[in-house]
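J.: Sequence and predicted model, in that order:
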Amino acid sequence: MANGMQQQAGGTTAGIARSPAEFTAEELVATSVRVHKPSWMRGRTRFPVSMEEYRELVTAAEQPDPTPLSADTDDTLVEDPSTEVATEPVYDVLDFADVPEDAAPADHAGSLAPATTHSFEGTPQTGFRPPDCTMAVGPADVLVAVNVDLAGYRKDGSLRFRWPNMTALFSTVLPAGAGLFDPKLAYDHYAGRWIIAVAARRQSPAGSWIMLGVSQGADPAGAWWVWALDFGVDGSTPSANWADYPMLGFDTQGIYLTTNQFAVGGSGGFSYAKLRILNKAEAYAGAALGWYDFWNLRNPDNSVAFTVQSTMHFRGTGGNPPAYFCNALWPSGSTLTLWQLDDPLAHWRGAQPNLRAHRVACRSYDLPPDAEQPDTTTRIETNDTRLLSSVFQFVGGTQRLWTAHTSKITWSGDSAARCAVQWYEIDTTTRQVVQQGAFGASGFYYFFPVVQTDISRNAHLCFSRSSRQEYGSLRQTGRRVTDAANSMQGSALVKAGESAYTLGRWGDYFGHARDGGDASRVWLYGEFADAVNSWGTWICGTRF
């Protein structure tokens, strides 16, 4: 592996038009069963270390810390919230031109979690574990996906359409023998378009792609443009790597895909994180897609970056503003990495974009223990400290990036280590944490958070919770822009768990989306333990 970040351009052919009217019944139901991993992936790691080392780290995470950390107590359980630790201001101000959203922050105070305005069941268990929940919300439709099942709902919860096998959408461009996994959805509110990105892999000959679909108009049940983007190449240079855990972001100019790249041969270990830049104008026209890749991304301390989150950007239109990305150190740290991509579409003007990594000090985080649950000694897998969502907002004179992940925590007086939801609000102009918190409660495990903001800078947070007395449930909370710094409101139940879940991994991520027709509403989509040892998913709309 090279010692420094590298970059290069590449591209593919024009998009292929695809309409649901062309889908056959055989395509829609043919492979709703789990696509097995190729032999070159079985037993391989999905972390920056081997599976053996990862399991040792998770076992060690069950031991309580000698010194408990302060945190924001979930007062749905406990009456006495503690005060958050102070954050550390760091680094210089960076000036750039950007345009805010056309709104001002809310000026009213409130209490408790955001009100639930909509609540209905999502896709039930399929042949995949875990579900990998993702969502996008437009003016009238709620689009959700799990591996490899996509469904469109009206906002009243009635099902409009369901594609149990997303392969139907991509069948004209999906390489022979490749299977889909890890979907991501977005609604581009700037253009009124829908975006689908889903990874694909093949055993022999080994291959790796991100399948990209963009709607040709405002209707997700209408026609799409589709491509197979080769992620076995960096720029135009072949590599012996495959793409895992794709993350999808967008702004006024580009579509951004980030992945973890793992080696196909040898021990199959982690190689590097990668960013691919796409030009929205090309995509929405169904044209041949050029791209510009950065790979071998490194943190400011020169450690290898892992799971660099793409960001959904909410700002005004115009200008040539930067795009942002972020990641945590792995498996623990007290800094985050904020990536700034200047002149994102420079390649299309014959120049090169500039990607820079900045160190952002934050409260400490550490690999979380797996979560206890009733009726079994098998714990729910809480994964690691990778950041699980990222949203940028420029409104009311502020430019902020919000992100969240799971971290180990030891509560004062608790006999065991737990996991908490850790969240951050970062000022992107000063590159410092403005506020942050670890949210949870003694005796309980909080994991797999996602965070989204509404037009008024209120934050909405969704996560799972379990304990020895509580099956894996789905909950939500949030904070008004006027709430005390470093705090969240007490959480509210979205969907209670119904049984112990012992069938494998949880997550790998939950969905979140601002409403494309009402920017004061945020939608959330996540997993709960359904009846008889299975996973279920639930959709809710929330607003302050």
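T.: Alright, I've got the coordinates.

J.: neighbours around residue 11, how many?
T.: Counted with other Cβ atoms under 10 Å, residues neighbouring residue 11 total 15. Quick note: C-beta positions are derived from backbone N, CA and C, even for glycine.

J.: Quick check: nearest residue in space to residue 122, chain neighbours excluded?
T.: Counting by Cβ to Cβ, 6 or more residues apart in numbering, residue 122 lies nearest to residue 537, which is 3.6 Å off, once chain neighbours are set aside.

J.: Quickly list what that neighbour is bridged to.
T.: Going by DSSP bridges, residue 537 is paired in beta bridges with residue 527.

J.: from here on, count from 53
T.: Happy to do that; since the first residue is 53 now, the last one works out to residue 589.

J.: the helices in the stretch 253-402 of the chain, which residues?
T.: With DSSP state H, counting those that start in this stretch as the criterion, the stretch 253-402 of the chain has helices at 332-336.

J.: Show me the shaky parts of the stretch 403-552 of the chain.
T.: Applying pLDDT under 70 to the stretch 403-552 of the chain flags no residue at all.

J.: switch to 90 and redo it
T.: 448-449, 464-465, 467 (pLDDT under 90).

J.: re earlier: so the residue nearest to residue 174 touches residue 178, yeah?
T.: No: using Cβ atoms under 8 Å, residue 589 makes no contact with residue 178, being 9.9 Å away.

J.: So which of these two has more stuff around it?
T.: residue 589 (26 against 18).

J.: mind listing what the more buried one touches?
T.: Residues in contact with residue 589, defined by Cβ atoms under 8 Å, 6 or more residues apart in numbering, are 173, 174, 175, 176, 183, 185, 196, 198, 577, 578, 579, 580.

J.: Quick check: ChimeraX command selecting the buried ones in these.
T.: To isolate the buried subset of the contacts of residue 589 in ChimeraX, counting by 16 or more other Cβ atoms under 10 Å, use the following:
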select :174,175,183,185,196,198,577,578,579,580
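
J.: want to try TSV for the contacts of residue 589, with pLDDT, secondary structure and distance to residue 392 as columns?
T.: Formatted as TSV, the contacts of residue 589 follow (pLDDT from 0 to 100; DSSP: H, G, I helix; E, B strand; the rest coil; distance: Cβ to Cβ, whole Å):
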residue	pLDDT	secondary structure	distance to residue 392
173	98	strand	40
174	98	coil	35
175	97	coil	36
176	95	coil	41
183	97	coil	33
185	99	coil	29
196	99	strand	31
198	98	strand	33
577	99	strand	29
578	99	strand	30
579	99	strand	33
580	99	strand	37
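
J.: Next, show the common contact partners of residue 589 and residue 178.
T.: Common contact partners of residue 589 and residue 178 (Cβ under 8 Å, 6+ apart): residue 198.

J.: re earlier: nearest to residue 400, of the contacts of residue 589?
T.: Set against residue 400, the nearest of the contacts of residue 589 by Cβ to Cβ is residue 196 (32.8 Å).

J.: I figured that closest one was touching residue 237, is that so?
T.: Yes: if you go by Cβ under 8 Å, residue 196 and residue 237 touch, sitting 7.5 Å apart.

J.: On the C-terminal side of the longest helix seen in the chain, identify the next helix or strand.
T.: With residue count as the measure and DSSP state H as the assignment, the chain has helix 103-113 as its longest helix. As assigned by DSSP states H and E, the chain's next helix or strand after helix 103-113 is strand 124-125.

J.: What pairs with that next one, parallel or antiparallel?
T.: Strand 124-125 has its sheet partners listed here by DSSP bridges as strand 484-492 (parallel).

J.: what element comes up after the partner strand heading to the C-terminus?
T.: Where DSSP H and E defines the elements, the next helix or strand beyond strand 484-492 is strand 497-505.

J.: so what does that following strand touch, helix or strand wise?
T.: Judged by 3 or more Cβ pairs under 8 Å, 6 or more residues apart in numbering; DSSP states H and E, the packing partners of strand 497-505 are strand 441-447, strand 450-461, strand 470-479, strand 511-519, strand 563-566, strand 574-582.

J.: quick check: angle from the longest one to helix 103-113?
T.: Computed by axes from the mean of the first three to the mean of the last three Cα atoms, to 10 degrees, the angle separating strand 450-461 from helix 103-113 equals 80 degrees.

J.: where's strand 450-461 relative to the chain centroid, distance-wise?
T.: Taking Cα atoms, centre = their mean, to the nearest Å, one finds the center of strand 450-461 at 12 Å from the center of the full chain.

J.: Check which helices and strands that strand is in contact with.
T.: By 3+ Cβ pairs under 8 Å, 6+ apart, strand 450-461 packs against strand 375-380, strand 406-417, strand 441-447, strand 470-479, strand 484-492, strand 497-505.

J.: now the angle from the fourth one to strand 406-417?
T.: Relative orientation of strand 470-479 and strand 406-417, computed by the same axes, to 10 degrees: 140 degrees.
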